[in-house]
Structure formats: structure tokens, C-alpha cells
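1. sequence first, predicted model second:
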Amino acid sequence: MFALLLALVTACRSPAPRDADDFDAVVYGGTAAGVIAAVQLAELGRRVVLLEPTERIGGMTTCGLGATDVGNADSVGGLARAFYGRIAQHYGRGMDERWTFEPHVALEILESMLAEARVPVVLRARIADRFGADVADGRIRAVHTSDGRSFRGRVFLDASYEGDLLARAGVAYRVGREANAEFGETLNGVQTVNATQHQFTHEVDPYRVPGDPSSGLLPGIEATPGSVDGSADRKVQAYCFRLCTTDVAANRLPWPKPAGYDERDHELLLRNFDAGDQRAPWHPVPMPNRKTDTNNNFAVSTDLIGRSWDWPDADWPARDRLFAAQLRATQGLLWTLANHPRVPERADGSSIFPADLVFPHPPSERVSDVGDVGWSLRLDEDETNEAATQIAMDVEASSSLFGFEVGGHGGTSEGHAYSVSIGKETEFIGGVPPIADDPTTPEDEYAKYGYSFTPLVYRESYVDRSGKPGGYYVLNYAVGP
């Protein structure tokens, strides 16, 4: 799927690598973390090169994941804070930082940061499956790419999602979940009892011919039960595309029907509808300009469960096949939701996945952004390889729509199986924050989609950079269809 050619990022206008085989630092992986690391090293006067295995820098930050789980904003500093400051400047709403953004905006900003720091960037630089790293005396000396180029350096940073450089260098790692007993834990390993989200809520017949076990299982159903709770396995969290979608008619494209589409591949989705689960199986988090960062949601959605298990240790041809399978499955699911007569309707006769209401189509900007079909080059990989040092990180979501800041992830509200938090943020200095009287409320925008609202209140205080006490007031809403 990806051409095995090296190319420099022309949009960045970064300089070509000088003495491309010898650098102070070589950063493998042009994720957002890799970009920031390379820029910081360059600003410190180090000669650095950034190697990215795909044709686009930024990782998930520039491929659909525009909703930042910021938590305590004061915990974000340095160049990361500067990135979010540039996001705010781009949208020009009088904010110091903005935590939600469109993919192409993030790409433009990261490319600008690399260009300003004069960091050379090499795209399509896949580390070789065999002999990808030279190691001597316990230190990495060089990285070799699949097309035969080599990059030598004094220090190497692995900023890839999979940890491919460290794996090629022989660093011990594991894939999957360790057992509770290994480190005296209680919430590790298999966690069937604690699995309460994204579960089936109705009984669904799992057989190809309903009621007939001899007919075999539907695609997506495992024949064997899970392991004992707390035990180890080699499974990792399911991957999905983070979809940038819109309800702006002039900026929409139809959902593509993938080549080789087979309705039987989506029978589990349709059976779940038939059984009584009437919910639209995705989680659209609003972004600026009436776009979304849309994630997996509920029992049958954009996660292709099981296909992620082989990704961490797979070679490049195998990953290309897995990527293509994920793309085909996701496109097929969305096309089915938009077109199949078994997708349920509301009382007024409208579909739960209507083409003119709930962020129906990929924005046309995605075509020029990421490829000829408008699909990102990255899968949302929450977990892949874990080094033996047991270090893990997780980055995900928060957002805005119509000027309202999202205050949290989906959960479960009383009477609803699904909820998201939406609120209006008003900064204040000291005392009790004012409640803005804004005629445009989340209720007005969402009520017509069949959502109900329960108001919640959340306050957070902070001390700004000048030392003044302050904070913000957020009026959240639990939203459920």
C-alpha cells in the first residue's frame, strides 16, 4: 500500500539531510511526539533527522484524532503547549490555547514547526524488517530502511507507535496483557467481569443460519471463550480509524462502497439492530467548522476486533494487508449504515444514521489531505508493543461544536446506555464564575437529533502564568439518544 520510496517533506521546505549517514540524533517515527522531539533537538543546536514510515507526519494528531484529553491544562508545557497555542491562533477566538482542531490544521502547524527549526524530514522511511538497526556494545549505531538507506547517529529516539526501532535493536518487550500475579496487581490481564462498555445489550444469534450451530459462526464471533480473568494473553486493544466527518452539504462526499463488499461481513451489525439495539454505533465528537473526531462506539462499530492482535509483530507486507482489511471493513460498515434497509428508523421514519443529520460524510478536504479516497494513513493504536520497562502512555479526546467545549468522554447516564458531555466554557478570575446567557445552546442543536439532556456542573481552578488565581466554569450535559 505504501510505496517504498524516500521523499523529503516538500510542504515543510525543510533542508535536505547533510551527511545523511551521520547525525547527533535520529528520530524514528514522525508522530506528534517525534516531531516535537526533533524540533526541540534542533533548537538545542543538534543535527537531527526525522524518519517517518508513512507519507504524512503527525501520527493520529494529523489523521483524525483532533480531540485532546487534556485533563489539567497546566500539565501541558513546552513545545506541546506552543503547538496548542498555534492552534488557538489559527482559529482566532481569543484563547491562549485550543485543545480541539481539524487534521489539516494540525498538519500545517507541525510542518511549520519543523520548517522553522530546519529539521530534515524523510517520508516513507520504513525501518527494514530484517537488520533494521545496527547495535554495538549495547548502543544503536544506525537505522536501515526498507529501500536500503542508512542513517547513523549518536542518539536514537523511537517515537513510533509500535516501538519498531527498539524491537529491531533487540530490546525486550511483550505484546498483550501480563497476568495480575506477575506484579501483584488486580486490574491487569483478562478483564471480562470489568468489561462494561461497548457490550451487547440484547441477545444476538451468532450463527450464520439463525438457530443452527452447524452452519458456523458469523464473521466477528470467536469460537472459544476468553481466558480466566486476571490471566495473561497476547491480545491488544482493537484499532480503528478516527473519522473526520461533517454535516456541511457543500463539504461532503458519499460513503464509498468498498470493492468486494459482502453484506454477510456486516450481518452481526444488522443482527444487533434486529435484536433491538437501535443506537447509531459511532461516537462523533464535535470539532471546529462543523466537523468531528468520530470514534468507535457500542458492540459492533469501527473497531475490527481481533485484527489488531498480530499488528505489533507483523512485518510491513502483513501490516499492509491488515490495514487494507481494516479500511475495507470500516468503509463497508459505514456504507451499510447509510444504505441498508435493516438499519432501524426513528418514530418519524428517519434513519438513525441519516444522510442529512448526524455528521454523515467525510469532508472533501480529506481527499487532498490524505489520499485518493480520503482515509487516514494511521490507525488509532491505543496499545501495541510494551517495552519490558513497563512504561505506557495514552492520548485521546476532548472537543468543541458551535462554540461549546466538550468536558469529557462518553459514559453511562441514568436511563441511557450512552452519554457524552457538552458544555460552554467561560473563563473567570476569582470568585464564582458567571453563567453566560447564550441563546444558542447544545439543546437547540442536538434536540432535533433525538438527544436528551441532563445538566451537570463542573468547576476547575488554576493559577495562570502571571500568578493570578483563576479557573473556568463548564456547564456539562449528559446526552443520550
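-> All right, it came through fine.

2. helices of this structure, residue ranges please.
-> Per DSSP state H, the chain carries helices over the ranges 32-43, 78-91, 103-116, 164-168, 180-183, 267-275, 316-339, 365-370, 442-446.

3. so which of the ones you listed comes closest to Ser227?
-> Closest approach to Ser227 among the helices of the chain (C-beta to C-beta): helix 180-183, 11.9 Å. Every C-beta, even on glycine, is put in place using the N, C-alpha and C of the backbone.

4. what are the buried residues along the closest one?
-> Asn180 (16 or more other C-beta atoms under 10 Å).

5. same check, this time on stretch 281-295
-> 281-288, 291-295.

6. hmm, back to that, rebuild the helices of the chain as JSON lines, extending it with mean pLDDT and distance to Gly226.
-> Below are these laid out as JSON lines (pLDDT from 0 to 100; distance: least, C-beta to C-beta, whole Å):
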{"stretch": "helix 32-43", "mean pLDDT": "97", "distance to Gly226": "33"}
{"stretch": "helix 78-91", "mean pLDDT": "95", "distance to Gly226": "38"}
{"stretch": "helix 103-116", "mean pLDDT": "96", "distance to Gly226": "35"}
{"stretch": "helix 164-168", "mean pLDDT": "97", "distance to Gly226": "27"}
{"stretch": "helix 180-183", "mean pLDDT": "95", "distance to Gly226": "15"}
{"stretch": "helix 267-275", "mean pLDDT": "97", "distance to Gly226": "18"}
{"stretch": "helix 316-339", "mean pLDDT": "93", "distance to Gly226": "22"}
{"stretch": "helix 365-370", "mean pLDDT": "35", "distance to Gly226": "35"}
{"stretch": "helix 442-446", "mean pLDDT": "46", "distance to Gly226": "37"}
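
7. for stretch 25-41, how far is the first residue from the last?
-> With C-alpha to C-alpha, to the nearest Å as the measure, stretch 25-41 spans 8 Å from end to end.

8. equivalent analysis for stretch 270-289, please.
-> 32 Å.

9. likewise stretch 49-64?
-> 25 Å.

10. may I see the buried residues of that stretch?
-> For stretch 49-64, a neighbour-count test (16+ other C-beta under 10 Å) marks 49-64 as buried.

11. residues in contact with Leu50?
-> Val27, Gly30, Gly34, Val35, Ala38, Ile57, Leu114, Val119, Pro120, Val121, Val122 (C-beta atoms under 8 Å, 6 or more residues apart in numbering).

12. most neighbours out of those, which is it?
-> Neighbour counts for the contacts of Leu50 peak at Val27, which has 32 neighbours (criterion: other C-beta atoms under 10 Å).

13. if that one is in a bridge, with which residues?
-> Leu50, Leu157 (DSSP bridges).

14. in contact with it, which residues?
-> Gly34, Ala37, Ala38, Leu41, Val48, Val49, Leu50, Leu51, Phe156, Leu157, Ala159.

15. repeat for Pro288
-> Tyr91, Thr100, Phe101, Glu102, Ser400.

16. just Phe200 next, same as before
-> Asn272, Asp277, Ala299.

17. any idea of the pLDDT on it?
-> In this model, Phe200 is scored at 93, pLDDT.

18. tell me how far it lies from Asp265.
-> Distance of Phe200 to Asp265, computed by C-beta to C-beta, to the nearest Å: 18 Å.

19. residues near Asp137, how many?
-> When neighbours are counted by other C-beta under 10 Å, Asp137 comes out with 5.

20. how close does it get to Gly29?
-> Distance from Asp137 to Gly29, by C-beta to C-beta: 24 Å.

21. so which of the helices of the chain is nearest Gly71?
-> Closest of the helices of the chain to Gly71 is helix 78-91, at 13.1 Å (criterion: C-beta to C-beta).

22. show me what the closest one is packed against.
-> helix 32-43, helix 103-116 (3 or more C-beta pairs under 8 Å, 6 or more residues apart in numbering; DSSP states H and E).
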